[in-house]
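>>> Have a look at this fold, sequence not included:
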């Protein structure tokens, strides 16, 4: 699915988010190009906050590790319900969500997040793609719809484009507010 070696290294740099939470936060470290993320983010703005939602632990942890190495502030949730609780407590710039999960699926989560936090960009991942689910995902507000197994560069490109779209929309709203 992803680089599973990263999942085996998950115990390095991952800490529980808080007491009683089944959520983990990936801490800053070194990016894939060897740059110290801590030093880079101290000098620049806060890194974008990303929530990974997948019921498969290996996929969730591996993707979180990859995104953490890219300098993002990453948290994880094992279900749509858990992700929704996190979204209600704190803002996320972007979410990467598995489509097929027990309980609340990725499309239901996308719709719920769009109602509560419409600025959150959502990327759906699935191994069970159909034209109908792709159309439904985009209608419900998903930024992108990627097929598993998805190459890491493709995921990273989608994340970058989604975050750029979010920044542009925020700037547009700020400019409109200044004009009013």
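Ah, there it is. Because the structure is predicted, anything quoted here is derived from the model rather than measured.

>>> What residues sit buried inside the longest helix anywhere in the chain?
In the chain, assigned by DSSP state H, the helix with the most residues is helix 152-179. Buried residues in helix 152-179, counted by 16 or more other CB atoms under 10 Å: 152, 155, 158, 159, 162, 163, 166. All C-beta atoms are positioned from the backbone trio N, CA, C, and that covers glycine.

>>> how near is the third one to residue 142?
Think residue 158. 11 Å (CB to CB, to the nearest Å).

>>> Common neighbours of those two, please.
Listed as contacting both residue 158 and residue 142 by CB atoms under 8 Å, 6 or more residues apart in numbering are residue 123.

>>> Show me which helix or strand of the chain is least confident by mean pLDDT.
Every helix and strand of the chain was ranked by mean pLDDT, DSSP states H and E. The lowest is strand 14-16, at a mean of 35.

>>> Relative to the whole chain's centre, how far out is stretch 103-120?
13 Å (CA atoms, centre = their mean, to the nearest Å).

>>> Start the count at 49 instead of 1 going forward.
With the count now opening at 49, the last piece we talked about shows up as stretch 151-168.

>>> Might you report the residue contacts of the residue nearest to residue 141 when sequence neighbours are not counted?
Counting by CB to CB, 6 or more residues apart in numbering, residue 141 lies nearest to residue 96, which is 4.2 Å off, once chain neighbours are set aside. Residue 96 is in contact with 120, 121, 141, 142, 211, counting by CB under 8 Å, 6+ apart.

>>> Now for the third one: which residues touch it?
Okay, so that is residue 141. 96, 97, 98, 167, 168, 169, 211, 214.

>>> before we move on, what SS does the spatially closest residue to residue 126 that is not a sequence neighbour have?
Spatial nearest neighbour of residue 126, excluding adjacent residues (CB to CB, 6+ apart): residue 103 at 5.7 Å. Following DSSP: H, G, I helix; E, B strand; the rest coil, we place residue 103 in the coil state.
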